[in-house]
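# next come a sequence and a model predicted from it.
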Amino acid sequence: MYQKDSGDKKYFRVLNILNKLNEGPVRVADLAAEFGVTERSIQRDLERINVTGFHLDNPQKGVYAFAGGVSLKSYNLSSEQLSVLVLMREMAGGMGGAIKDAFDKIFERATASSPSDSPFYAVGPRALNPLTRKFYEDIVFAIEQTKKLKVRYVSAAGEKERVLCPVKILASENFFYMMASVDGGRAGEYPKFRVDRIRKLEILPEEFPPPPPETIKGIIGTATTIWGVNEGRKTPVTLRAEGAAADFLRSKEILPGQKISRPAADGSVTVKAVIRHPMEVVPLVLHWMPEITIVSPESLRAEVKTRIAAYLGK
């Protein structure tokens, strides 16, 4: 792992900057010299502090201070805030690994209360192959510093060494994916690599030009599952849902950009969306059948029928 700016040192640095801010204004140049990092690294630390909720003012160029009324001593949580924090902690626990460890530290620093004090509890699957701290820190560093990664990756085709240019870490159903272009591959393509299938990872000294933020935003789009990220052409779909399935779809956006009609006299609704991969819809239909049916396209109806026939034939 790259030692100069490892994850632990980064957390240590942010904590120290918070303490200095609690005493008064800080200068970016002074902090960079004290911690032996670039001014841009300090700027990123300050951005992290600001978005966390410790709002900062910038009274003059290169100088930052806590906004009026912000103080570590007065950082008290209401019962509602505590409940939300505990709920998020449970979600992080389901992801395991470095995400759970990082959130546990946040929870311990923010409150001395027990998770049992909250009226919320997150029910869901637990990760069996959590994101390890080393991989998490190395991938984040590579993304932030636009460094190439050499990885040994296991796919259905076997184990292979690749050089990747990482741009995002994606989380879906407690799996973590690294979205990256393949060095030497087609320009503009950013396949997904499941992090738990990486057997070895090394940060390379070579840098790569990062894609524009709007490019990545366009690739991810309105996807609600990993299947819809960076996949094929857009396909309009129409579903009909009734009973519990209708109620479920009316209460949660399951499909990307879904639009739901007003309930008919029998309570049924029509659901329209645009997908990039059949697996954005197939599991939903199999889960809620017979209360949900595919109106169009016919190819998607055929896909579900094929899967049902294969199952019944076993």
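Received, thanks. Numbers count the residues shown, from 1 in each chain.
# model confidence for the residue nearest to Pro256 when sequence neighbours are not counted, exactly?
Leaving aside its sequence neighbours, Pro256 sits nearest to Thr222 (Cβ to Cβ, 6 or more residues apart in numbering; 3.9 Å). C-beta here means a position set from N, CA and C on the backbone, and glycine is covered the same way. Note on Thr222: pLDDT of 83.
# contacting residues around Thr222?
Gly228, Pro256, Gly257 (Cβ atoms under 8 Å, 6 or more residues apart in numbering).
# with only the CA atoms kept, save the strand or helix carrying Ser299 in CSV.
According to DSSP states H and E, Ser299 maps onto helix 298-312. C-alpha atoms of helix 298-312 as CSV (Å, rounded to 0.1, in the frame of the first residue of the first chain):
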residue,chain,number,x,y,z
GLU,A,298,-42.0,-9.4,-25.9
SER,A,299,-38.3,-10.3,-25.6
LEU,A,300,-38.4,-9.7,-21.9
ARG,A,301,-41.6,-11.8,-21.5
ALA,A,302,-39.8,-14.6,-23.4
GLU,A,303,-36.8,-14.3,-21.1
VAL,A,304,-39.0,-14.8,-18.0
LYS,A,305,-40.9,-17.7,-19.6
THR,A,306,-37.6,-19.4,-20.5
ARG,A,307,-36.3,-19.1,-16.9
ILE,A,308,-39.6,-20.5,-15.4
ALA,A,309,-39.6,-23.4,-17.9
ALA,A,310,-36.0,-24.2,-17.1
TYR,A,311,-36.9,-24.3,-13.4
LEU,A,312,-40.0,-26.4,-13.8
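# can you pull the domain assignment for the protein?
7-66, 79-117, 133-219, 235-312 (automatic domain parsing).
# with distance to Pro125 added, can I get the ones you listed in CSV?
Putting the domains of the chain into CSV (distance: least, Cβ to Cβ, whole Å) gives the following:
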stretch, distance to Pro125
domain 7-66, 26
domain 79-117, 6
domain 133-219, 6
domain 235-312, 14
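# lowest-confidence stretch among those?
Lowest mean pLDDT within those: domain 79-117, at a mean of 65.
# correct me, but Phe141 touches Lys147?
Yes - between Phe141 and Lys147 there is a contact under Cβ atoms under 8 Å: 7.0 Å.
# joint contacts of those two?
What both Phe141 and Lys147 touch, as defined by Cβ under 8 Å, 6+ apart, is the set Ile203.
# thinking again about what came up before, okay if I get the domains of the chain as TSV plus distance to Arg126 and mean neighbour count?
Shown next, in TSV, are these (distance: least, Cβ to Cβ, whole Å; neighbours: other Cβ atoms under 10 Å):
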stretch	distance to Arg126	mean neighbour count
domain 7-66	23	15
domain 79-117	5	16
domain 133-219	7	16
domain 235-312	20	16
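# and the strands in the stretch 151-300 of the chain, which stretches?
Counting by DSSP state E, counting those that start in this stretch, the stretch 151-300 of the chain has strands at residues 158-172, 175-182, 192-194, 198-207, 235-241, 259-260, 269-275, 292-296.
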